[in-house]
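Undergrad: have a look; sequence and predicted model below, questions after that.
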Amino acid sequence: MVREVRFTRAIKKKGYNQSQADHTLFIKHSLGGKLSILIVYVNDIIVTWNDNSEMNNLKEMLANEFEIKNLGNLRYFLGMEVVRLKREFQSLKGSIS
């Protein structure tokens, strides 16, 4: 529970808004229509974005605040295969502990 509160505070401080429909979903709208979406499932963080600058800042902040590991591009999630149709958004799956 403490880890979740700490994570939520850190992400909100970074300018992400927590969804009221799903409290594990965080969204940030940046200037120029850029968008970053982050969802947490157990110890995994899944991120998709079209703002490379924001993503670099987010990864740096997460690495400073938490012990994280970049697991590369998302291929499967909850038994479903993830297929990238456009390169407009990029995805990354990470893990926090």
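TA: On my side now, so go ahead.

Undergrad: and stretch 36-53, how far out from the chain's middle?
TA: 2 Å (Cα atoms, centre = their mean, to the nearest Å).

Undergrad: same question, stretch 6-19
TA: 11 Å.

Undergrad: what's the weakest-modelled helix or strand in the chain?
TA: Every helix and strand in the chain was compared by mean pLDDT, DSSP states H and E; the lowest is strand 90-96, with a mean of 55.

Undergrad: may I see the buried residues of the lengthiest helix in the chain?
TA: In the chain, taking DSSP state H as the definition, the longest helix is helix 52-65. Within helix 52-65, the residues that count as buried by 16 or more other Cβ atoms under 10 Å are E54, M55, L58, L62, E65. Any C-beta I mention is one placed from the backbone N, CA and C, and that applies to glycine too.

Undergrad: now do stretch 11-20
TA: The neighbour-count check on stretch 11-20 (16+ other Cβ under 10 Å) flags I11, K14, Y16 as buried.

Undergrad: redo the residues you listed as JSON lines? Include secondary structure, distance to N70 and pLDDT.
TA: Formatted as JSON lines, the buried residues of stretch 11-20 follow (DSSP: H, G, I helix; E, B strand; the rest coil; distance: Cβ to Cβ, whole Å; pLDDT from 0 to 100):
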{"residue": "I11", "secondary structure": "helix", "distance to N70": "17", "pLDDT": "94"}
{"residue": "K14", "secondary structure": "coil", "distance to N70": "18", "pLDDT": "92"}
{"residue": "Y16", "secondary structure": "coil", "distance to N70": "19", "pLDDT": "95"}
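
Undergrad: closest one to D44 out of these, please.
TA: Using Cβ to Cβ, I11 is the member of the buried residues of stretch 11-20 that lies nearest D44, at 14.6 Å.

Undergrad: for the closest one, which residues are in contact?
TA: Going by Cβ atoms under 8 Å, 6 or more residues apart in numbering, I11 touches Q18, F26, L38.

Undergrad: for the protein, just list every one of the helices.
TA: Using DSSP H, helices in the chain cover 2-13, 52-65.

Undergrad: now the ones you listed in TSV, with distance to G33?
TA: Below are the helices of the chain laid out as TSV (distance: least, Cβ to Cβ, whole Å):
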stretch	distance to G33
helix 2-13	21
helix 52-65	12
